[in-house]
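>>> Give the three-dimensional model of this entry:
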Amino acid sequence: MSLLFHQPTISVHRKNVVSCTALNAPTVRLCKNPAISSCVLSRPTAFPPANKLINVTQLAKPSPVSVQASSNDKSPVETKASSNVKLPLYLFLWYAFNIVFNIINKTALNNFPCPWFISTWQLVASGLFMIIMWTLGLQKAPRVDGKLFLALLPVGLFHTIGHVSACVSFSQVAVSFTHIIKSAEPVFSVLFSGPFLGDWYPWYVWAALLPIVGGCSLSAMKEVSFAWSGFNNAMISNIGMVVRNILSKKSLTEYKDLDGINLFGLISIVSLIYCIPAAIYMESSQWKAAYAAVCSKMGAAAFARLLILGGIFYHLYNQLSYMVLDQGISPVSFSVGNTMKRVAVVVSSVAFFKNPVSPLNWAGSSIAILGTYLYSLATDRYSKEKKARAAAKKKD
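So this is what the prediction gives:
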């Protein structure tokens with residue numbers, strides 16, 4: 001790209017070097033890339049006498065300015081345009097994969113009611129997916145040492161609890177009802193953040209939890225598929241996921257180079273340490289009879305296809321959530337997106353499985369989902385206030 005002005009010649013290489021040359025002025029080379037250790041500062045050997053200095057106003061033909069950007073570097077406009085294309089695409093795929101997963105998962109559970117087996121298989125599929133990506137170089141493999149492995153163990157334990165209990169809940173009640181109860185996760189996040197992280201939320205964050213609790217209660221009152229076991233397992237899943245997030249903050253913050261996709265892959269693999277023996281203990285006596293029943297009902301090939309697709313979409317929708325975060329959106333925007341994703345899952349599951357839903361169910365669901373949005377706004381306000389206080393303390 002070339003622009004013409006009445007200025008000295010400037011040649012800009014944004015990635016490595018910025019160089020400026022103007023008549024007989026000193027040549028300055030500034031290293032922009034921290035990987036380059038040498039910087040050059042050179043001067044001409046001699047200046048002309050003062051009485052022979054050229055007056056700038058006497059210059060008849062000033063030198064043109066040429067600005068050249070490295071072909072490997074993108075301008076801010078190009079980066080923003082790329083993000084504007086990627087973000088809607090990633091959001092759409094995140095929603096679509098999550099909807100497809102929930103339908104496949106519920107279908108598999110209806111035909112093969114062994115949630116421990118299915119949830120374990122989903123973790124296996126996610127681990128295999130990541131290993132393939134690391135092997136093919138599609139995702140940079142993380143460096144795992146003994147310290148990181150030990151830090152992942154408690155996180156993997158509570159991920160197992162959250163994941164398996166959600167799958168058990170899906171097997172016992174309607175998908176839509178489990179997701180409404182799962183929207184109460186912020187309640188436990190606020191409750192546990194104080195004792196475990198020393199982060200005590202102000203009154204307006206607590207107030208934002210009221211519509212979540214009220215909406216979930218209303219939805220449960222007229223839920224046709226209601227079962228206390230399904231409700232309790234959804235609540236256990238909320239607790240498991242919140243504790244997992246708290247432990248991640250406490251024990252994994254020093255691993256700055258560990259991105260979200262790799263973290264999820266490692267947690268999935270570590271979770272198998274707990275999930276496989278627990279599944280064998282809890283359900284292995286039922287697998288043979290359940291497999292025979294599902295094969296006679298839909299065939300072994302169809303059931304295998306259902307499991308494979310369920311594992312693939314389980315990993316894809318989780319990976320897409322991290323890819324959405326990588327686009328640089330704010331936590332509130334992500335929370336809003338997650339709330340709308342839950343709405344899409346609830347509506348699509350009701351339409352697909354034709355679950356009977358009363359007006360009170362819809363009212364409770366809407367209030368609970370609105371509450372999650374209000375909670376996102378409240379926590380964002382609290383985060384900004386906390387940062388402002390920290391900045392004021394530094395000034396003092």
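>>> Next, Val357: secondary structure please.
Three-state assignment for Val357 (DSSP: H, G, I helix; E, B strand; the rest coil): coil.
>>> quick one: the closest residue to it other than its chain neighbours from Ser358, how far?
Among residues not flanking Val357 along the chain, Val350 sits closest, at 5.7 Å (CB to CB, 6 or more residues apart in numbering). Glycine gets a C-beta too; all of them are placed from N, C-alpha and C. Val350 is 12 Å from Ser358, where distance means CB to CB, to the nearest Å.
>>> same question, Arg389
Distance, Arg389 to Ser358, using CB to CB: 46 Å.
>>> Who has more neighbours out of those two?
Regarding Arg389 and Ser358, a neighbour count based on other CB atoms under 10 Å identifies Ser358 as having more, with 13 against 10.
>>> So which residues of this structure form strands?
9-13, 17-21, 27-31, 41-42 (DSSP state E).
>>> Burial check on Ser296, number of neighbours?
Neighbours around Ser296, by other CB under 10 Å: 9.
>>> show me the contacts for it.
If a contact means CB atoms under 8 Å, 6 or more residues apart in numbering, then Ser296 has no contacts.
>>> What segments of the protein are helices?
Secondary structure of the chain, counting by DSSP state H: helices at 76-111, 115-136, 146-172, 175-182, 185-197, 203-221, 228-251, 260-298, 300-325, 331-353, 359-395.
>>> Of those, flag the one that's most buried.
Burial of the helices of the chain is given as mean neighbour count (mean count of other CB atoms under 10 Å); helix 175-182 ranks first at a mean of 25.
>>> Name the residue closest to the centre of this protein, please.
Tyr322 (2.9 Å; CA atoms, centre = their mean).
>>> so where's the stretch 1-150 of the chain shaky on pLDDT?
Low-confidence segments of the stretch 1-150 of the chain, defined by pLDDT under 70, span residues 1-84.
>>> For Met235, give me its contacts.
Contacts of Met235 (CB under 8 Å, 6+ apart): Ile181, Ala184.
>>> I meant Asn318, not that one.
Ser126, Phe264.
>>> Could you report the separation of it from His159?
11 Å.
>>> so what sits against both of these two?
Here Asn318 and His159 have no joint contacts, going by CB under 8 Å, 6+ apart.
>>> circling back to that earlier point, of the helices of the chain, which shows the lowest average pLDDT?
Lowest mean pLDDT of these: helix 331-353, a mean of 78.
>>> which helices and strands does it pack with?
The contact analysis (3 or more CB pairs under 8 Å, 6 or more residues apart in numbering; DSSP states H and E) places helix 331-353 against helix 76-111, helix 175-182, helix 300-325, helix 359-395.
>>> pretty sure Val187 contacts Pro211?
No - contact criterion CB atoms under 8 Å: Val187 and Pro211 do not qualify, at 11.0 Å.
>>> Let me see the contact set for the residue nearest to Val357.
Ala174, Ser176, Val357.
>>> how near is the second one to Thr339?
Applying CB to CB, one obtains 15 Å for the distance of Ser176 from Thr339.
>>> and what of Asn98?
Counting by CB to CB - Asn98 and Thr339 are separated by 13 Å.
>>> what's the answer for Phe149, then?
34 Å.
>>> what does Ala234 give?
For Ala234, the distance to Thr339 - CB to CB - is 17 Å.
>>> Likewise for Asp259?
Computed as CB to CB, the Asp259 to Thr339 distance reads 24 Å.
>>> for Tyr201, same thing?
19 Å.
>>> Val324 now?
With CB to CB as the criterion, Val324 and Thr339 are 13 Å apart.
>>> Could you do Tyr291 as well?
From Tyr291 over to Thr339 the distance is 38 Å, taken as CB to CB.
>>> now Gly214
In terms of CB to CB, Gly214 sits 16 Å off from Thr339.
>>> try Leu91
12 Å.
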